[in-house]
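>>> Turn this into a structure:
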Amino acid sequence: MKLGIVGLPNVGKSTLFNSMTLGKAEAANYPFCTIDPNVGVVPVPDERLARLTEMYDSAKTTPAVIEFVDIAGLVRGASKGEGLGNKFLSHIREVDAICHVVRCFEDTNVVHVDGSIDPIRDIETINLELIFSDIEILERRISKTVKLAKQDKSLQRELDILLKLKEALEAGKSARSVEFDAPEDYEFVQTLTLLTAKPVLYAANVTEEDLADDGASNEFVGRVREYAAAEHNEVFVLCAKIEEEISDLDEADKKEFLAELGVETSGLDRLIAASYKLLGLISYLTAGPQESRAWTITKGTKAPQAAGKIHSDFERGFIRAEVVHYDDLMRLGSYNAAKEQGLVRSEGKEYVMKDGDVVLFRFNV
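This next block holds a predicted model:
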């Protein structure tokens, strides 16, 4: 999963990015990887893996990972090249979803680029830049498709979709708000990699005082929640400053620190959970003496395609999946005990995977 983090300067976006990637990678004992100055790969927190590693005495533990892309340089005029806008807008076209960090705190020591705190204005500033960038993409595609459609009438459907999208964007709407008649129309829209077609999650950055009640007493957070509700998007509250402070703590100290603030989980954990929900993702698990590992798939994925996440040969030569749910495995204490109780099932090609399935795939190529 790849998540793009956007926001105006001085909203806490880069502080959040730096603390999440570097800090979490150390805490989870996962090798931090910097692909370029704006990309970090971190593990997805999953307590189930530690217990599976202990049960199977696994030599290696490998979590699922999430890639964060810090989209720097987004200011008013980014779509026209202001700041470093064009460069980083191109990066975000490859992400699965967007996390939009919004400043919901007053601090005279941190200057706001527009001189005052107004989260809705900030959201609309970023949204307009994404819209302008998408319009530019569509105009080029429309120009090309108009010429080709003169020789190939089958392209008229694509042209109609492109024009419908452009009309919506010019009215200030996002591409994801546009409705189409057929599933294949949506599939075509996905190939365009439009920024405003990507699902969005809003991160309301607050002071530590606002964390305990999840921003309920913060008027700025209230405005963001109203705005997001109208778009059918979700908001989660975090404090980038706190994330920075806990980034180099071990897991026990981190939990103690958060408990003192009246918070159960870190902003990163909540961000990842919200992202999984937004994208409809789940994790299945594999375990053995060599390795215990989590694999990310989309809800509704069938067993052969899930096996293909491990290796294409697993999908091509799929025979069956031997499945036991994690909760049953832990309750009974061993794979053999679960098998004796009839809780290890043999599933075929039509089996739809569930979150927490512990699987052994049988295949033959």
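
>>> right, and Ile71 touches His91 too?
Yes. The pair Ile71 / His91 is scored as a contact, 6.2 Å apart, by Cβ atoms under 8 Å. Where you see a C-beta, it was placed from the backbone N, CA and C, and this is true even at glycine.

>>> Looking at the two, which one has more neighbours?
Set side by side, Ile71 and His91 show more neighbours around Ile71, with 26 against 17, by other Cβ atoms under 10 Å.

>>> tell me which residues in stretch 321-339 are buried?
For stretch 321-339, the buried set under the neighbour-count rule, 16 or more other Cβ atoms under 10 Å, comprises 321, 323-326, 329-330, 332, 335, 338.

>>> Now do the contacts for the closest residue to Arg103 other than its chain neighbours.
Using Cβ to Cβ, 6 or more residues apart in numbering and skipping residues adjacent in sequence, the residue nearest Arg103 is Val11, 3.9 Å away. Each residue near Val11 by Cβ atoms under 8 Å, 6 or more residues apart in numbering is listed here: 101-103, 122, 205.

>>> Might you specify the subset of those located within strands?
Secondary structure of the contacts of Val11 is defined by DSSP state E; positions in strands are 101-103, 205.

>>> mind checking the backbone torsions on Thr61?
In terms of degrees, to the nearest 10, the main-chain angles of Thr61 are phi -120, psi 120.

>>> Quick check: the gap between it and Ala273.
Using Cβ to Cβ, to the nearest Å, one obtains 20 Å as the distance from Thr61 to Ala273.

>>> Name the member of the contacts of Val11 with the most neighbours.
Neighbour counts for the contacts of Val11 (other Cβ under 10 Å) peak at Val102, which has 29 neighbours.

>>> where do the strands sit along the stretch 201-350 of the chain?
Here the stretch 201-350 of the chain has its strands, by DSSP state E, counting those that start in this stretch, at 234-238, 281-286, 292-298, 318-325, 345-347.

>>> The longest one: how far from the chain's middle?
Relative to the centre of its chain, strand 318-325 is centred 28 Å away, using Cα atoms, centre = their mean, to the nearest Å.

>>> Domain-wise, how is this protein divided?
The chain breaks down into these domains under automatic domain parsing: 2-47+61-116+197-279, 128-196, 300-363.

>>> Can you tell me which helix or strand of this structure has the lowest average pLDDT?
helix 24-27 (a mean of 32; mean pLDDT, DSSP states H and E).

>>> Tell me where the chain is predicted with low confidence.
Applying pLDDT under 70 to the predicted model, the residue ranges of the chain that meet it are 22-37, 72-89, 109-115.

>>> Output the longest helix belonging to it.
helix 119-149 (DSSP state H).

>>> And that one, what's buried?
By neighbour count on 16+ other Cβ under 10 Å, the buried set for helix 119-149 is 119, 122-123, 125-127, 129-135, 137-138, 141-142, 145, 149.

>>> Does anything pack onto it? Which helices or strands?
Packed against helix 119-149 by the contact rule (3 or more Cβ pairs under 8 Å, 6 or more residues apart in numbering; DSSP states H and E) you find helix 85-92, strand 97-103, helix 156-170, helix 219-231.
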